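Participant: requesting a structural model of the entry that follows:
(one chain, ligands or ions: 2)
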Amino acid sequence: MTVKDILAAIQSPDSTSEDFAALPLPESYRAITVHKDETEMFAGLATRDKDPRKSIHLDDVPLPELGPGEALVAVMASSVNYNSVWTSIFEPLSTFGFLERYGRTSELAKRHDLPYHIIGSDLAGVVLRTGPGVNSWKPGDEVVAHCLSVELESSDGHNDTMLDPEQRIWGFETNFGGLAEIALVKSNQLMPKPDHLSWEEAAAPGLVNSTAYRQLVSRNGAGMKQGDNVLIWGASGGLGSYATQFALAGGANPICVVSSDQKAEICRKMGAEAIIDRNAEGYKFWKDENTQDPKEWKRFGKRIRELTGGEDIDIVFEHPGRETFGASVFVTRKGGTITTCASTSGYMHQYDNRYLWMSLKRIIGSHFANYREAWEANRLIAKGKIHPTLSKTYALEDTGQAAYDVHRNLHQGKVGVLCLAPEEGLGVRDHEKRAKHIDAINRFRNI
Ligand SMILES: C/C=C/C(=O)SCCNC(=O)CCNC(=O)[C@H](O)C(C)(C)COP(=O)(O)OP(=O)(O)OC[C@H]1O[C@@H](n2cnc3c(N)ncnc32)[C@H](O)[C@@H]1OP(=O)(O)O
Ligand SMILES: NC(=O)C1=CN([C@@H]2O[C@H](COP(=O)(O)OP(=O)(O)OC[C@H]3O[C@@H](n4cnc5c(N)ncnc54)[C@H](OP(=O)(O)O)[C@@H]3O)[C@@H](O)[C@H]2O)C=CC1
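Facilitator: Numbering: from 1, shown residues only. Ligands and ions are numbered 1, 2, ... in the order given. As a prediction, this is how the structure comes out:
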């Protein structure tokens, strides 16, 4: 039995759940990995010069044992997230430390502590097997998976599963991720695949869409409301392309920051009107490595006021981190919110705290999303209210190049990866719904 037989079953319109359940599973499958014995390969290099194409491998790996509450999924397509860039450059830490720590927690978790790490935190595919205790999903179900892995043995996570002490990001802090032909997930990561999308379109939003939903819309994040001025950094990037859509769909007013004409045009096509090209306008928030320039914060704020008719920002959607955080805190209105989920340009932030406390602003830390938030974000995709922002798709063996593009900010929106899917465009079930949204679905394609 090989993965080819699995693909044939997925492509056959006559396959039943029983057929999938009866399919023998292969002993091994192809997966994108990083190797434990290479974690020092970039020592001494600047972050920018660490090249994912050198550390990312395509290996044959053995199929992991299936445990209680888990599912094995045939992955048709996945996507590249920035967390896979971090894994591949071993920053800020090697992810093998996470796998070792997880492996120490239980006999079953030991499976994850291997000399290779199968990465990837998105997938669209078909359930092959479910473990004991799984009743909501069955072989043959077409699914996407969100990337929150929790144990929920402690009381801490029972109001909000992101607060579970054993909360991990699948394919980053756990093994057996989505950039592979088969993935191992907990069954409470599974959600229905939006039926009007192809496999690669369905795999694209997952991680970033859920994160943007919690960070911007959810009461656990900024709780955006109609009319809010929302400053969105990287508005045509992974997170930003969903934050911009949420702002527009929710009646808010996105102020989109991008770094080129091309990206500004994408934001206009999404429906945004207030756009700042940070490159063309040449903001330099730092005079040197240690000193910020408040005059530049002010120039940036003035530009925002020009675009909003004199208003300041209610919510900043932050993720660049060190480079922008001082400016983000400054331009937020009295009582406004800076919500942050990342620090791409550096995690030791510096800002003038007087502007925070004197103007009663709040900084909210946000990380991925709980199952309910991920479900709600996926539901909006399924209803055609929010659309995938897939720009380009790579073959599984070219994942290194795909990660390189994201690391070097050469991409737009999301970059997809075909795993078992032999070509793009497969897996669409509701053609009528798709036809209604086709322009929006293709908005980021081939730019
Ligand atoms: C969905 C996609 C998401 C993304 O893309 S996010 C971007 C990618 N992710 C990242 O860049 C994050 C990577 N992760 C990290 O950098 C690290 O993962 C953290 C900084 C988040 C945590 O670091 P750690 O070393 O794992 O922290 P500790 O083990 O919790 O703490 C170290 C020691 O400090 C002790 N400690 C913790 N809190 C306290 C306290 N409040 N008072 C006293 N001690 C404390 C602990 O117990 C432990 O101690 P002991 O070393 O002895 O085990
Ligand atoms: N905690 C969480 O749950 C999550 C965290 N993340 C993290 O968020 C970050 C962004 O992820 P994602 O959106 O997918 O990545 P992308 O690279 O797809 O998009 C980020 C965009 O941010 C802009 N940007 C990058 N650097 C800077 C800078 N120095 N100053 C201003 N703008 C900048 C760029 O847009 P432009 O050049 O057009 O301005 C870029 O396209 C990553 O660090 C990632 O690890 C992501 C998802 C979930």
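Participant: so which elements touch the lengthiest strand in the chain?
Facilitator: Secondary structure of the chain per DSSP state E: the longest strand is strand 70-80. Packing partners of strand 70-80 (3 or more Cβ pairs under 8 Å, 6 or more residues apart in numbering; DSSP states H and E): helix 3-11, strand 123-130, strand 182-186, helix 199-203, strand 390-395, helix 399-407, strand 414-418. Bear in mind the C-beta positions are built from the backbone N, C-alpha and C, glycine included.
Participant: out of the ones you listed, which gets nearest to ligand 1?
Facilitator: helix 399-407 (11.3 Å; Cβ to the nearest ligand atom).
Participant: just how off-centre is the closest one within its chain?
Facilitator: Centroid separation for helix 399-407 versus its chain: 14 Å, with Cα atoms, centre = their mean, to the nearest Å.
Participant: residues of the stretch 1-150 of the chain that sit close to ligand 2?
Facilitator: Selection of the stretch 1-150 of the chain residues close to ligand 2 by Cβ under 6 Å from any ligand atom yields 81-83, 86.
Participant: one more pass at 8 Å, please.
Facilitator: Residues of the stretch 1-150 of the chain found near ligand 2 (Cβ under 8 Å from any ligand atom) are 81-83, 85-86.
Participant: where does the stretch 1-150 of the chain dip in pLDDT?
Facilitator: 1 (pLDDT under 70).
Participant: buried ones in stretch 287-294?
Facilitator: The neighbour-count check on stretch 287-294 (16 or more other Cβ atoms under 10 Å) flags 292-293 as buried.
Participant: determine how far the last residue of it lies from the first.
Facilitator: 10 Å (Cα to Cα, to the nearest Å).
Participant: go on, stretch 220-238?
Facilitator: 21 Å.
Participant: which of the three states applies to T337?
Facilitator: strand (DSSP: H, G, I helix; E, B strand; the rest coil).
Participant: that one and W375, how far apart?
Facilitator: As for T337, its distance to W375 is 24 Å (criterion: Cβ to Cβ, to the nearest Å).
Participant: what about these two, which has more around it?
Facilitator: T337 (23 against 15; other Cβ atoms under 10 Å).
Participant: Y242 is nearest to which of the helices and strands packed on strand 70-80?
Facilitator: Smallest distance to Y242 across the helices and strands packed on strand 70-80 (Cβ to Cβ): 9.2 Å, for strand 414-418.
Participant: skipping adjacent residues, who's closest to the residue of the stretch 51-200 of the chain found nearest ligand 1 in space?
Facilitator: Ranked by Cβ to the nearest ligand atom, the top residue of the stretch 51-200 of the chain for proximity to ligand 1 is N83, at 3.6 Å. Leaving out its chain neighbours, the residue that sits closest to N83 by Cβ to Cβ, 6 or more residues apart in numbering is F172, at 4.5 Å.
Participant: count of residues packed around the one you found?
Facilitator: 24.
Participant: residues contacting the residue lying farthest from the centre of the chain?
Facilitator: Of all residues in the chain, M358 has its C-alpha farthest from the mean position, at 34.5 Å, by Cα atoms, centre = their mean. If a contact means Cβ atoms under 8 Å, 6 or more residues apart in numbering, then M358 has no contacts.
Participant: surely E173 meets G97?
Facilitator: No: assessed by Cβ atoms under 8 Å, E173 is found out of contact with G97, at 9.4 Å.
Participant: tell me which of the two has more neighbours.
Facilitator: Taking neighbours as other Cβ under 10 Å, E173 and G97 compare with E173 leading, 22 against 11.
Participant: can you tell me how far the residue of the stretch 51-200 of the chain found nearest ligand 2 is from C419?
Facilitator: Relative to ligand 2, the nearest point of the stretch 51-200 of the chain is Y82 (3.4 Å; Cβ to the nearest ligand atom). Applying Cβ to Cβ, the value for Y82 to C419 is 19 Å.
Participant: those two: who's more crowded?
Facilitator: C419 (31 against 19).
Participant: pretty sure that one contacts V126?
Facilitator: No: the pair C419 / V126 is not scored as a contact, 11.4 Å apart, by Cβ under 8 Å.
Participant: find residues that contact each of the two.
Facilitator: In contact with both C419 and V126: M76, using Cβ under 8 Å, 6+ apart.
Participant: at the contact with ligand 1, which residues of the protein appear?
Facilitator: 81-83, 86, 91-93, 97-98, 101, 121, 147, 169, 172, 207, 211, 341-343, 347, 367-368.
Participant: now, the residues you listed that are in helices?
Facilitator: Among the residues of the chain next to ligand 1, the ones falling in helices (DSSP state H) are 82-83, 86, 97-98, 101, 207, 211.
Participant: please tell me I have it right and G120 contacts E181.
Facilitator: No: here G120 lies out of contact with E181, judged by Cβ under 8 Å, at a distance of 11.2 Å.
Participant: neighbour count for those two, which is higher?
Facilitator: Neighbour count, other Cβ under 10 Å: between G120 and E181, G120 has more, with 30 against 22.
Participant: what's the neighbour count on the nearest residue to that one once chain neighbours are set aside?
Facilitator: Nearest non-adjacent residue to G120, counting by Cβ to Cβ, 6+ apart: L179, 3.1 Å away. Applying other Cβ under 10 Å, we find 31 residues neighbouring L179.
Participant: what lies in contact with the helix ranked longest in the chain?
Facilitator: With residue count as the measure and DSSP H as the assignment, the chain has helix 294-308 as its longest helix. Helix 294-308 is contacted by residues 229, 231, 253, 255, 274-276, 281, 283-285, 311-313, 326-327, 330-331, 352 when judged by Cβ under 8 Å, 6+ apart.
Participant: that one: what's the following helix or strand?
Facilitator: Per DSSP states H and E, the first helix or strand lying C-terminal to helix 294-308 is strand 313-318.
Participant: how about the CA coordinates for that following strand, as PDB?
Facilitator: C-alpha atoms of strand 313-318 as PDB (Å, rounded to 0.1, in the frame of the first residue of the first chain):
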ATOM      1  CA  ILE A 313      -6.400  54.700  15.800                       C
ATOM      2  CA  ASP A 314      -8.800  52.600  17.900                       C
ATOM      3  CA  ILE A 315      -7.000  49.300  17.400                       C
ATOM      4  CA  VAL A 316      -3.500  48.600  16.200                       C
ATOM      5  CA  PHE A 317      -3.100  45.100  14.700                       C
ATOM      6  CA  GLU A 318       0.600  44.600  15.700                       C
END
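Participant: run the chain-centre distance for it.
Facilitator: On Cα atoms, centre = their mean, the centre of strand 313-318 falls 19 Å from that of its chain.
Participant: near ligand 2 at all, that strand?
Facilitator: No: residues of strand 313-318 are not located near ligand 2 by Cβ under 8 Å from any ligand atom, the shortest gap being 9.4 Å.
Participant: the helix or strand just after that strand vs strand 313-318, what angle?
Facilitator: For strand 313-318, the following helix or strand on the C-terminal side (DSSP H and E) is helix 322-331. Comparing the axes of helix 322-331 and strand 313-318 via axes from the mean of the first three to the mean of the last three Cα atoms, to 10 degrees yields an angle of 170 degrees.
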